[in-house]
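>>> Return atomic coordinates for the entry below.
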Amino acid sequence: MPPMPPRAPADCPTMTEVRAEIDRLDAALVALIAERFGYVERAWQIKLAEKAAANVPWRNQQVIDKVRGLAVEHGVSPDLCEALWRQMIGWFIQYEEEKLRADLESKK
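Predicted coordinates for the structure are as follows:
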């Protein structure tokens, strides 16, 4: 049996249906984060070759500004989205720094 099509929040009369939609969205969000992670993985490799830093503050701010704008467009709290993205960006920067450091240490 094919999966049910997504339902709008107003079309979910029970908590079971609301929870099913939240679970569906969580799976999609994790898949998108995994896709984004693939680009972060590539980024540290490029940064290593270019001898660039993992943390690029102007780019971090550019991403935050874009996310805040997208949040407004979608009617969701820009503060919430900024907090989520800052957490994610911070984790990815730490990951890149660890990868760059490990590569440099392996060449000693």
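>>> need the helices for this protein, in chain order.
15-50, 57-74, 78-106 (DSSP state H).
>>> Buried residues of the longest one, list them for me.
Which is helix 15-50. By neighbour count on 16 or more other C-beta atoms under 10 Å, the buried set for helix 15-50 is 21, 40, 43-44, 47. (C-beta placed from N, C-alpha, C; glycine too.)
>>> And the second one, by the same measure?
For helix 57-74, burial by neighbour count (16+ other C-beta under 10 Å) applies to 60, 63-64, 67-68, 71.
>>> residues making contact with that helix?
With contact meaning C-beta atoms under 8 Å, 6 or more residues apart in numbering, helix 57-74 is reached by 77-78, 80-82, 85-86, 89, 93.
>>> before we move on, back to that, right, and the helices of the chain - which one's nearest Pro3?
helix 15-50 (8.3 Å; C-beta to C-beta).
>>> Let me see the mean pLDDT of the closest one.
Helix 15-50 carries an average pLDDT of 96.
>>> about what we covered before: among the buried residues of helix 57-74, which one sits closest to Arg101?
Asn60 (19.3 Å).
>>> Identify the residue spatially nearest to the spatially most central residue of the chain, adjacent ones excluded.
Nearest to the geometric centre of the chain sits Ile33, at 4.7 Å (C-alpha atoms, centre = their mean). Residue nearest to Ile33 in three dimensions, not counting chain neighbours: Met88, with 7.5 Å by C-beta to C-beta, 6 or more residues apart in numbering.
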